[in-house]
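Give me a model of this one.
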Amino acid sequence: YCVIDFKGSGFSVRGSLSDDEKNAAFAVAGLYEMEELIADEISPLKYVPPAKKAGPEPSQKEGSERSETPAESGKPARRLLLAFKIKRDVLSFSAHWREGGGLVPAFGKNSVSSLTLAEGERESLIRAASFARKAGFVYNGKCYECSSPAKFPHFC
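Take a look at the predicted model:
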């Protein structure tokens with residue numbers, strides 16, 4: 001067994017093994033399992049933004065412009081597209097947002113800022129990353145890659 005106790009701003013781990021490193025490893029594995037259970041079994045909570053006050057916000061100076069997120073501006077959520085490629089023994093995919101007539105990277109350099117994503121867009125990114133990890137893909141900074149050819153037929 002492994003127990004994670006939350007104390008103040010941190011936590012402590014204790015378990016049935018005499019090796020503290022193995023107890024810590026079991027604690028991490030348990031947290032990943034809980035994340036998967038929550039993501040798979042519980043529907044996402046609906047985000048309700050706080051009511052806006054009339055007038056400028058105290059942190060804003062007069063004349064300063066504030067960029068709106070897609071959710072605030074009433075723009076429809078962008079669609080997430082996955083582009084799969086097979087190179088020798090590696091299956092990879094990259095994620096892009098369809099924006100206007102073009103594509104914008106969803107992850108990595110030159111990607112859309114997470115602050116400008118609508119609620120549904122954030123959910124799409126999190127689900128894509130979670131499914132990729134469960135399917136054996138690893139993110140390399142540019143795209144997700146799977147180097148297990150036995151898993152390729154599931155994506156073709």
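
Can you tell me the element the residue positioned nearest the centre of the chain falls in?
For the chain, the residue whose C-alpha lies nearest the mean C-alpha position (C-alpha atoms, centre = their mean) is Ile126; its distance is 3.0 Å. Using DSSP states H and E, Ile126 sits in helix 119-134.

so after the lowest-mean-pLDDT helix or strand in the chain, what's the next helix or strand?
Between all helices and strands in the chain, the lowest mean by mean pLDDT, DSSP states H and E belongs to helix 70-73, at a mean of 49. Using DSSP H and E, the helix or strand that directly follows helix 70-73 along the chain is strand 79-87.

what angle do that following strand and helix 119-134 make?
Counting by axes from the mean of the first three to the mean of the last three C-alpha atoms, to 10 degrees, strand 79-87 lies at 20 degrees to helix 119-134.

average model confidence for strand 79-87?
Across strand 79-87, pLDDT averages out at 87.

where does this protein have low pLDDT?
40-49, 53-76, 151-156 (pLDDT under 70).

State the distance from Cys2 to Leu91.
34 Å (C-beta to C-beta, to the nearest Å). Using the backbone N, CA and C atoms, a C-beta is placed for each residue, glycine as well.

Those two: which has the busier surroundings?
Leu91 (23 against 18; other C-beta atoms under 10 Å).

which residue packs closest to the more buried one, ignoring adjacent ones?
Nearest residue to Leu91, sequence neighbours excluded (C-beta to C-beta, 6 or more residues apart in numbering): Cys146, at 4.7 Å.

Repeat that for Leu82.
Nearest one to Leu82, counting by C-beta to C-beta, 6+ apart, is Phe93 at 4.9 Å.

what about that neighbour, how many residues close to it?
17.

Show me the contact partners of the helix or strand that contains it.
Counting by DSSP H and E, the element that carries Phe93 is strand 90-99. The contact list for strand 90-99, computed with C-beta atoms under 8 Å, 6 or more residues apart in numbering, reads 78-86, 103-107, 112, 121, 125, 128, 132, 137, 142-147, 149, 151-152, 155.

Give me the buried positions along that strand.
Residues of strand 90-99 classed as buried: Leu91, Ser92, Phe93, Ser94, Ala95, His96, Trp97 (neighbour count, 16 or more other C-beta atoms under 10 Å).

tilt between it and helix 119-134?
For strand 90-99 against helix 119-134, the angle by the same axes, to 10 degrees is 180 degrees.
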